[in-house]
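Asks: curious how this folds, go ahead:
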Amino acid sequence: MRIVFAGTPEFAALHLQALLDDCSGNHDIVAVYTQPDRPAGRGKKLTPSPVKALAESHGIPVHQPLSLKGAEQQQVLAELNADIMVVVAYGLLLPPTILDTPKHGCINVHASLLPRWRGAAPIQRAIEAGDTETGVTIMQMDAGLDTGDMLETCYCTIEKSDTGGSLHDKLAVIGPPALLTTLEQIEQDTVVAEKQNDAFSNYAPKITKQEALLDWSQPADVLECKVRAFNPFPVAYTTLGSDRIRIWQAELGSGYASDAPGTILEANNNGIKVNTKEGSLLITELQLPGKKRLPVSEILKSRAELFSSGTVLGHATNDREANNKESAQ
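Replies: Modelled structure (predicted):
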């Protein structure tokens, strides 16, 4: 088959690599679509996406349109004479004309057990919601948001230690084989499509930095899930005075007190125990402004006075002040 691949981040690049490894003589990747180069790093230098870098290293033509809604871009795709378009975390809306252009349409690799989480951030939302299982679904794309028929599904357990980063890596391992299986079935006309049950769908919106601010009036188990879900991006945080404190790792603490939510109950080498609406959260790894992330046991060696019992987190400043301070640093 003549394949057009559309994707942008590392998750997509791993699927493109699997296609490159598999497309010995049976398939031909005729073009790659990816997001335009974006500023990155301290110097804000324009940087190609992981998918673009991989494609160029293999001599594959790369297209980076700002939109696929125009007739000109749609004609460019039509002239590729593709049998199928494989879409993995591309980041652009595909209009109906694009979906119908390849012989077998467009298929998408989605990091969720559809229809559980539809949208931009299914990995983080699954952890945030306390799900114990997720997976990868290969679906036939239609005009809706992740509503197409399911062609292949593979499952993955969400461990209590999983973060957004570790779960991403696990799904990036099981996704490529599922994609290759689906392509083989499509080529052999043996694929079986299953409709989604919309009644079980949830929307997984893009993660924002603002929602990573921990609200200590929530229960400890809710906050613990947020900390794991938002690691490594955007990273959960709280405030201490005018400083933003990033919280990289935390677990449910033992005990509970009548103190106000956000009150530090104790701090030792095991972690910083913070009171919540229900139960306590034990912070085990954090990051002070302008510093590296470290285990709490290391931070307490020099900054123990910041986290003395009775100190209240998250009450002395607001999110805008914390954002301004972080930007200045």
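Asks: all helices for the stretch 201-329 of the chain, in order.
Replies: 220-229, 296-303, 319-328 (DSSP state H, counting those that start in this stretch).
Asks: lowest average pLDDT across those helices?
Replies: Looking at these, the lowest mean pLDDT belongs to helix 319-328 (a mean of 44).
Asks: and this protein, split by domain according to the record?
Replies: Domain ranges of the chain: 2-204, 210-328, per automatic domain parsing.
Asks: list the contacts for the nearest residue to Pro219 once chain neighbours are set aside?
Replies: Spatial nearest neighbour of Pro219, excluding adjacent residues (C-beta to C-beta, 6 or more residues apart in numbering): Glu278 at 3.9 Å. (C-beta placed from N, C-alpha, C; glycine too.) Counting by C-beta atoms under 8 Å, 6 or more residues apart in numbering, Glu278 makes contact with Pro219, Ala220, Asp221, Tyr256.
Asks: most neighbours, which of these?
Replies: Ala220 (24 neighbours; other C-beta atoms under 10 Å).
Asks: correct me, but that one touches Leu281?
Replies: Yes - with contact defined as C-beta atoms under 8 Å, Ala220 counts as touching Leu281 (4.7 Å).
Asks: any shared contact partners between those two?
Replies: The contact lists of Ala220 and Leu281 share Leu252, Gly253, where a contact means C-beta under 8 Å, 6+ apart.
Asks: now Gly164: how far from Asp215?
Replies: 19 Å (C-beta to C-beta, to the nearest Å).
Asks: run a quick neighbour tally on Asp149.
Replies: 16.
Asks: now do Glu133
Replies: The burial count for Glu133: 11, using other C-beta under 10 Å.
Asks: need the residues that contact the biggest strand by length in the chain.
Replies: The longest strand of the chain (DSSP state E) is strand 243-253. With contacts defined as C-beta under 8 Å, 6+ apart, strand 243-253 is touched by 214, 220-221, 223-224, 227-228, 231, 235-239, 265, 271, 273-274, 279-289, 293, 313, 317, 322-323, 325-326.
Asks: going through those residues, which ones are buried?
Replies: Neighbour-count burial (16 or more other C-beta atoms under 10 Å) applied to these gives 214, 220, 223-224, 227-228, 231, 235-239, 265, 271, 273-274, 279-288, 293, 313, 317, 322, 325.
Asks: one step back: go through the domains of the chain and find the least confident stretch.
Replies: Averaging pLDDT over each of the domains of the chain puts domain 210-328 lowest, since it has a mean of 90.
Asks: now that one, how far from the centre of its chain.
Replies: 22 Å (C-alpha atoms, centre = their mean, to the nearest Å).
Asks: residues near Ala126, how many?
Replies: Ala126 - counted by other C-beta under 10 Å - has 29 other residues nearby.
Asks: helix/strand/coil for it?
Replies: The three-state label given to Ala126 by DSSP: H, G, I helix; E, B strand; the rest coil is helix.
Asks: correct me, but it touches Gly119?
Replies: No - contact criterion C-beta under 8 Å: Ala126 and Gly119 do not qualify, at 11.4 Å.
Asks: just to revisit the earlier point, so Gly164 and Asp215 - more neighbours on which side?
Replies: Between Gly164 and Asp215, Gly164 has the larger neighbour count (other C-beta under 10 Å), namely 22 against 15.
Asks: can you show me the CA trace of the longest helix along the chain as CSV?
Replies: If you go by DSSP state H, the chain has its longest helix at helix 164-187. Output of helix 164-187 as CSV, limited to C-alpha atoms (Å, rounded to 0.1, in the frame of the first residue of the first chain):
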residue,chain,number,x,y,z
GLY,A,164,1.6,10.4,32.5
GLY,A,165,5.2,9.8,31.3
SER,A,166,5.5,6.2,32.2
LEU,A,167,2.0,5.3,30.8
HIS,A,168,2.8,7.2,27.6
ASP,A,169,5.9,4.9,27.2
LYS,A,170,3.9,1.8,27.8
LEU,A,171,1.3,2.7,25.2
ALA,A,172,4.0,3.6,22.7
VAL,A,173,5.2,0.0,23.0
ILE,A,174,1.9,-1.7,22.4
GLY,A,175,0.6,0.8,19.8
PRO,A,176,2.9,0.0,16.8
PRO,A,177,2.2,-3.7,16.7
ALA,A,178,-1.5,-3.0,16.8
LEU,A,179,-1.1,-0.6,13.9
LEU,A,180,0.8,-3.1,11.8
THR,A,181,-1.8,-5.8,12.4
THR,A,182,-4.6,-3.4,11.4
LEU,A,183,-2.8,-2.5,8.1
GLU,A,184,-2.3,-6.1,7.3
GLN,A,185,-6.0,-6.8,7.9
ILE,A,186,-7.0,-3.8,5.7
GLU,A,187,-4.8,-5.0,2.9
